[in-house]
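S.K.: Generate coordinates for the sequence data below:
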Amino acid sequence: MKLLIALCFYLLQPALWVGVIRTYLVHRNRVKRERQLFSSAIYEDFYEGRHFVRSGLILGVVVSIVFGGFLSVSVQWLFLYELLILVGLLIFPGQLFPVTTAGLVSVVTILVPHVPQLKPFVTWFNNIGLTALKVNPLNFLIILTLIIVGSCVFLHVNGGKFASPSLARNQRNNRVAVYKFNEMSIIPFLMLVPGNWFVSRFLFIPMFQINGHSYAVLIIPILLGLKLTVKRSVPRSFFIRLSKSLMVLSGLGIVLVGIGYVATKTILPGIFILILGYYLSIWLAKHEDNRQKFEYSEVMDGIRVIGIQLETPAAKMNLQVGDVILTVNEIPVANEDEFYRALSTNSTYCRFKVRDRNDQLKITETAIFKNSPHEIGVKTYTHPID
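M.R.: Residues are numbered from 1 along each chain as shown. Just a heads-up that it's a prediction; the model follows:
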């Protein structure tokens, strides 16, 4: 019963519902963009919402089971964290700062009692009833490490699975497709909050006594996610590599936690190291992407595949985003009109000659929906090169 009450507290959090609304708006804008580009959406289903719920529940349950009875945060940390993620989601809807938010709040919480210039924060906390209670600062480093681990898992599972293109211009003013990843989740994290601030104001909040100290049991919303654009790499491979980099950073975080357990003075530098390491990992991934010679650009000798619709004949073929279709049913094609005219020469079957992103040739073929060549599922540039 107490856990159910704690879950109700999580469901009442405004940050959770702002995250749900933001996820829906991302989905709606993506579908609108795909329809403008191709007359029909590549991915009609609400996969952003599916990832939001599934990743949040699985990660939240696992983390809460493993760490739920051991980690505690102060009321100040919780108040500032939820305020910042809420403000970030409302004011910066195009960005996500999960690691920055948790790291910044942890730094402020650790420094407030020790820096005279931050005394106004102490006064403000006291005025609203958030009396300072000591919490082991090592908990903040552990939470930040867990957020990086969660981000790693979230990207590994979801990143680049649905390659939805946007159009941009390269330095030669040619149209190129770029692939934006803009997904998030808010995981329910069971944590303990010392003191009676919550219980005195919300009588339904469950409370435990541990070693003579009172702890409120709360399920706290923790933000995960990332907004990033892939320009030249294979989107799925890009995010797999990035998730591996974050896994290495997570290992460093575990080492820093061990060092912080022995030497508490290393906790604050450890938090800064993890924040910097997170952004360094993202910068290195983007730098590697920009170094690729390949571009998802228009071509003169075929048509570039920039999207493949699910549950269509194209999805069953050995086609990849970035491939160039050179011939259809032995007929050379150079634009979308020629592509569909060539498809129409056979109402039930098609055969493609394709050049992949590594300039290797391949032949792929499939049956198509009878008399419906426009339902082949290949998405390409809708107008010929100027």
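S.K.: give the contact list for residue 239.
M.R.: 155-156, 159-160, 181, 230 (Cβ atoms under 8 Å, 6 or more residues apart in numbering). C-beta here means a position set from N, CA and C on the backbone, and glycine is covered the same way.
S.K.: Then residue 140?
M.R.: 73, 77, 102, 106, 109-110, 267, 271.
S.K.: Go through those and flag which are in strands.
M.R.: Nothing among the contacts of residue 140 maps onto strands, per DSSP state E.
S.K.: Adding pLDDT, neighbour count and distance to residue 45, write those out as JSON lines.
M.R.: Formatted as JSON lines, the contacts of residue 140 follow (pLDDT from 0 to 100; neighbours: other Cβ atoms under 10 Å; distance: Cβ to Cβ, whole Å):
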{"residue": "73", "pLDDT": "86", "neighbour count": "24", "distance to residue 45": "36"}
{"residue": "77", "pLDDT": "87", "neighbour count": "24", "distance to residue 45": "37"}
{"residue": "102", "pLDDT": "94", "neighbour count": "26", "distance to residue 45": "31"}
{"residue": "106", "pLDDT": "92", "neighbour count": "25", "distance to residue 45": "37"}
{"residue": "109", "pLDDT": "85", "neighbour count": "22", "distance to residue 45": "41"}
{"residue": "110", "pLDDT": "86", "neighbour count": "18", "distance to residue 45": "44"}
{"residue": "267", "pLDDT": "95", "neighbour count": "22", "distance to residue 45": "44"}
{"residue": "271", "pLDDT": "96", "neighbour count": "25", "distance to residue 45": "39"}
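S.K.: Turn the residues you listed into a markdown table, including distance to residue 285.
M.R.: Formatted as a markdown table, the contacts of residue 140 follow (distance: Cβ to Cβ, whole Å):
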| residue | distance to residue 285 |
| --- | --- |
| 73 | 30 |
| 77 | 30 |
| 102 | 21 |
| 106 | 25 |
| 109 | 30 |
| 110 | 30 |
| 267 | 28 |
| 271 | 22 |
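S.K.: Tell me which entries of those lie within helices.
M.R.: Counting by DSSP state H, the part of the contacts of residue 140 found in helices is 77, 102, 106, 109-110, 267, 271.
S.K.: can you pull out the strands in the stretch 201-350 of the chain?
M.R.: Taking DSSP state E, counting those that start in this stretch as the test, the strands found in the stretch 201-350 of the chain are 207-210, 213-230, 303-304, 307-308, 324-328, 331-332, 349-355.
S.K.: which stretch in those is the model least sure about?
M.R.: Mean pLDDT is lowest for strand 207-210 among the strands of the stretch 201-350 of the chain, at a mean of 60.
S.K.: Next one: the most centrally placed residue in the chain from residue 88, what distance?
M.R.: Compute the mean C-alpha point of the chain, and by Cα atoms, centre = their mean the closest residue is residue 225, 3.2 Å away. As judged by Cβ to Cβ, to the nearest Å, residue 225 and residue 88 stand 11 Å apart.
S.K.: Now for these two: what residues contact both?
M.R.: Common contacts of residue 225 and residue 88, defined by Cβ under 8 Å, 6+ apart, comprise residue 96.
S.K.: pLDDT (mean, whole number) over the strand or helix carrying residue 185?
M.R.: Element membership for residue 185, per DSSP states H and E: strand 175-194. Regarding strand 175-194, the rounded mean pLDDT is 90.
S.K.: Contact partners for residue 352?
M.R.: 317, 319, 325-328, 363-365.
S.K.: does it have beta-bridge partners, and which?
M.R.: Counting by DSSP bridges, residue 352 forms beta bridges with residue 328, residue 364.
S.K.: what residue ranges in this structure score low on pLDDT?
M.R.: 1-9, 93-94, 113-133, 195-213, 369-374, 383-386 (pLDDT under 70).
S.K.: at 50 instead, please
M.R.: 384-386 (pLDDT under 50).
S.K.: mind listing what's buried in the longest helix along the chain?
M.R.: Criterion DSSP H: the longest helix present in the chain is helix 235-262. For helix 235-262, the neighbour count (16 or more other Cβ atoms under 10 Å) marks 235-236, 238-239, 241-243, 245-247, 249-250, 253, 256-257, 259-260 as buried.
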